[in-house]
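Asker: Quick one: sequence plus predicted model below, questions after.
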Amino acid sequence: MAGARGVLQALLVAAFLLLAANAAAAVTVEGSTTPEPDNIQPLSTLKIDAARVMMDAGSVIHASPELLGADGEDSAWVAVNFTTPAPTADHWIALFSPANFDLIMGGNQSDARISAEGDDEAPAGLPMAPIKYKFANISPNFMSSGSGNISFLLINQRYDYAFGLFSGGKDNPQLVAVSNKISFANPKAPVFPRLSQGKEWNEMAVTWTSGYNVDEAYPFVEWRMTGDDDARRTPAGTLTYTRGHLCGKPANAEGYRDPGFIHTAFLKNLWPNREYTYRIGHELPDGTRVWGKSYTFRAPPSPGQASLQRVVIFGDMGLGQSDGSNELAGFQPGAQVTTERLIEDLPNYDAVFHIGDLSYANGFLAQWDQFTAQIEPVASRVPYMVASGNHERTSRDTGGFYNGDDSHGECGVPAETYFYAPAENRGKFWYAADYGMFRFCVGDTEHDWRPGTEQHAFRDRCFAAADRKHQPWLVFAAHRPLGYSSNDFYAKEGSFSEPMGRSLQPLWQKHRVDLAVYGHVHNYERTCPVYENTCTAAPADTKNGTATYSGALGGTIHVVAGTGGAKLKGYAGGDWPQWSVARNESYGYVKLTARDHSRLEFEFIRSDDGAVLDAFAIERDYKDILACAVDACDPHTLAN
């Protein structure tokens, strides 16, 4: 018996060691390492599981016009008028789609009229979250008269709409009236194209959303070089996703909404810097065609080509609402102003890199359509390149590097479907992009990046593939800071970056990466050229009011630009680390301008007014890239 116990103990020890080894091999980092308590999706604060149908004969709500988009518009304003006999500050109006949400909730209106005394018990729970909402008392005189009117901006999202009037506030919502239905003339119409660079520099991907599956209508893009008479047509592939693709609530529950179909066509063999006109379309079985709007874009320059090239970079924007829907107040207060600045500045840049935390849908999937509508004026005209952030990907026990639930069940699926990026695998959202004199290597910080991983090997290849004679400006972009940040949490942790993020410094140094730009932290910060906490260069002089680094940098300049629109954050107290040379708590974005192979200009532009809040330039020749720096030279050989 003692021998048997000994064998059993030995087996248990061996099993424990095996489990420990497996756990060590699959290290994940808890998402709580960078808590973001302010980033709570306002729709999640509605206790929709407690909602009840309590139809009130004295309460009425009506929306007009009932038909939208008769002339092909993909968005329209709707006026909502409402009356209730006992107005309170807890009344609110919500937009729902599809319009029959109340039938699913508790039968039709006629047999769901339940008295306020509660003689009958209504089934609890809304089947779906609203798309947006406003409190009724924002309408003047509502509290005194019980009547009000407000306006909502609706976009074409493939289904009809209805408004609900609720009492009871967020905690005890009671549906007291439902409006008439509102619909777009063609709810399935192709909408909201977004461009991105393809896997080749002379290829543009066009992605859009519609209600047509391929068995209903064939998707394509009609396009021509500006000035040409003949147009070409390129077919598109089609993707979608279902509840079964998602990883948890609310994304696969009350936050779920049918995403429709996402189409992507690849326009190939583009001429460098030439302007093209395009429009998205679908051919129906009878041969008729349904068209989207017409747009133009300019093809990228060829790799190494010297011409005026301007690129915008930022992270953490989110969704704004031009109709003032107050569910987003305090959530992404700068999203709309940044979007408007980008639209106004559109003639002055050529491409966008939005490096993670795109829509902050946080599991309420109708927000992805709203976000693509918001950025459409920009994304339909210039490549809109994206990176994966924690609010897109991080979901517990789904193979990511972080084990929180910042995506609230999305686990990357909507972002990786709604947006194309030239990655080998959309589930591993890292990729290279050549734009003239720039090479961009975009990382996926939601997957392991450390030495020895698949992603680390990709970054090594991506940097090494840059021909620095002709592509002198080498930029790394990713969501979480993998270098330097004075965010107060990082400072308290003592790392000044993501845990283990500094393990990449030898890679930056080996390939002489000029810039590393991050989001995630909602402020702006720039370092000196830095390696191992030490500034390796200082601006030699000031030209035209701009601090200029001349010659070899000897290190990488790290920039945090999580300033697209999400609520801003402060910095750690105490003295600044010597590597932190510029800080700002404003909404804005980075703009890089290359005019030739020897000068790169950097600006941080404030969204409110377009003012340049920080700027510097790099001037150098090719020999400066070849020059030795600490830990950045190959070992000498006998040939030397």
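Answerer: Structure received. Residues are numbered from 1 along each chain as shown.
Asker: and L308, how many residues sit next to it?
Answerer: L308 has 13 neighbours, counted by other Cβ atoms under 10 Å. (Glycine included, C-beta is placed from N, CA and C.)
Asker: Could you measure from the residue lying closest to it once chain neighbours are set aside over to H456?
Answerer: Counting by Cβ to Cβ, 6 or more residues apart in numbering, R595 is the residue found nearest to L308 once chain neighbours are left out, at 5.8 Å. Using Cβ to Cβ, to the nearest Å, we find R595 at a distance of 33 Å from H456.
Asker: ok, the two, which is more surrounded?
Answerer: More neighbours surround H456 than the other of R595 and H456, with 17 against 14 (other Cβ under 10 Å).
Asker: The helix or strand containing that one - contacts with which helices or strands?
Answerer: Using DSSP states H and E, H456 falls within helix 454-464. Here helix 454-464 touches strand 438-442, strand 473-478, helix 505-511, going by 3 or more Cβ pairs under 8 Å, 6 or more residues apart in numbering; DSSP states H and E.
Asker: Tell me what angle it forms with strand 473-478.
Answerer: 160 degrees (axes from the mean of the first three to the mean of the last three Cα atoms, to 10 degrees).
Asker: buried stuff in helix 454-464?
Answerer: The neighbour-count check on helix 454-464 (16 or more other Cβ atoms under 10 Å) flags 455-456, 458-459, 462-463 as buried.
Asker: ok, the spatially closest residue to F314 that is not a sequence neighbour to V80 distance?
Answerer: Closest residue to F314 apart from its sequence neighbours, by Cβ to Cβ, 6+ apart: Y589 at 3.8 Å. Separation of Y589 from V80 (Cβ to Cβ): 35 Å.
Asker: Contacts only, for the most centrally placed residue in the chain.
Answerer: Centroid-nearest residue in the chain, with Cα atoms, centre = their mean: L358, separated by 1.3 Å. Applying Cβ atoms under 8 Å, 6 or more residues apart in numbering to L358 gives the contacts 317-318, 371, 386, 389, 391-392, 415, 419.
Asker: Closest to K181 out of those?
Answerer: F371 (24.9 Å; Cβ to Cβ).
Asker: Could you check the pLDDT of that closest one?
Answerer: As predicted, F371 sits at a pLDDT of 97.
Asker: helix/strand/coil for it?
Answerer: helix (DSSP: H, G, I helix; E, B strand; the rest coil).
Asker: The closest residue to P472 other than its chain neighbours: neighbour count?
Answerer: Using Cβ to Cβ, 6+ apart and skipping the chain neighbours, the partner closest in space to P472 is H597 (5.2 Å). Counted with other Cβ under 10 Å, the neighbours of H597 add up to 18.
Asker: Kindly provide the distance from H597 to A351.
Answerer: 19 Å.
Asker: just to revisit the earlier point, bridging across strands, which residues link to the residue nearest to F314?
Answerer: I605 (DSSP bridges).
Asker: Would you mind writing the CA trace of the helix holding H456 as CSV?
Answerer: Output of helix 454-464 as CSV, limited to C-alpha atoms (Å, rounded to 0.1, in the frame of the first residue of the first chain):
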residue,chain,number,x,y,z
GLU,A,454,6.1,34.4,-34.8
GLN,A,455,5.4,38.2,-34.6
HIS,A,456,8.9,39.0,-33.5
ALA,A,457,10.2,37.1,-36.5
PHE,A,458,7.8,39.1,-38.8
ARG,A,459,9.0,42.4,-37.4
ASP,A,460,12.6,41.5,-38.0
ARG,A,461,11.8,40.6,-41.6
CYS,A,462,9.7,43.7,-42.1
PHE,A,463,12.4,46.1,-40.9
ALA,A,464,15.2,44.2,-42.8
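Asker: residues near the residue nearest to F314, how many?
Answerer: If you count neighbours by other Cβ under 10 Å, Y589 ends up with 26.
Asker: Dump the buried residues of helix 454-464 to TSV, plus distance to T264.
Answerer: Shown next, in TSV, are the buried residues of helix 454-464 (distance: Cβ to Cβ, whole Å):
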residue	distance to T264
Q455	24
H456	29
F458	22
R459	26
C462	23
F463	28
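Asker: Quickly name whichever of the residues you listed is closest to S196.
Answerer: Nearest to S196 out of the buried residues of helix 454-464 is C462 (Cβ to Cβ; 17.1 Å).
Asker: pLDDT value on that closest one, please?
Answerer: Per the predicted model, pLDDT is 98 at C462.
Asker: again with A70
Answerer: 95.
Asker: so which helix or strand takes in it?
Answerer: Going by DSSP H and E, A70 is not in any helix or strand.
Asker: which stretches of this protein have low pLDDT?
Answerer: 1-39, 102-123, 326-330, 543, 636-640 (pLDDT under 70).
Asker: Would you mind giving the domain segments of it?
Answerer: Split into domains by the TED database, the chain comes to 40-107+122-184, 191-626.
Asker: can I get those in a markdown table with distance to D634?
Answerer: Shown next, in a markdown table, are these (distance: least, Cβ to Cβ, whole Å):
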| stretch | distance to D634 |
| --- | --- |
| domain 40-107+122-184 | 50 |
| domain 191-626 | 9 |
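Asker: Of these, give the one that comes closest to C633.
Answerer: Minimum separation from C633 across the domains of the chain (Cβ to Cβ) falls at domain 191-626, 9.2 Å.
Asker: starting at the chain centroid, how far to that closest one?
Answerer: 8 Å (Cα atoms, centre = their mean, to the nearest Å).
Asker: how far does it stretch from start to finish?
Answerer: Domain 191-626 has an end-to-end distance of 48 Å (Cα to Cα, to the nearest Å).
Asker: what's the answer for stretch 423-437, then?
Answerer: Using Cα to Cα, the distance between the terminal residues of stretch 423-437 is 21 Å.
Asker: what comes up buried for that stretch?
Answerer: In stretch 423-437, counting by 16+ other Cβ under 10 Å, buried: 423, 426, 428-437.
Asker: which of those lies closest to F261?
Answerer: Using Cβ to Cβ, R426 is the member of these that lies nearest F261, at 16.2 Å.
Asker: Hmm, that closest one is touching E416, no?
Answerer: Yes - counting by Cβ atoms under 8 Å, R426 touches E416, with 4.3 Å between them.
Asker: Would you mind listing the residues touching both of those two?
Answerer: By Cβ under 8 Å, 6+ apart, no residue touches both R426 and E416.
Asker: picking up where we left off before, the residue nearest to F314: what's it in contact with?
Answerer: 312-314, 338, 341-342, 561, 563-564, 604-605, 607.
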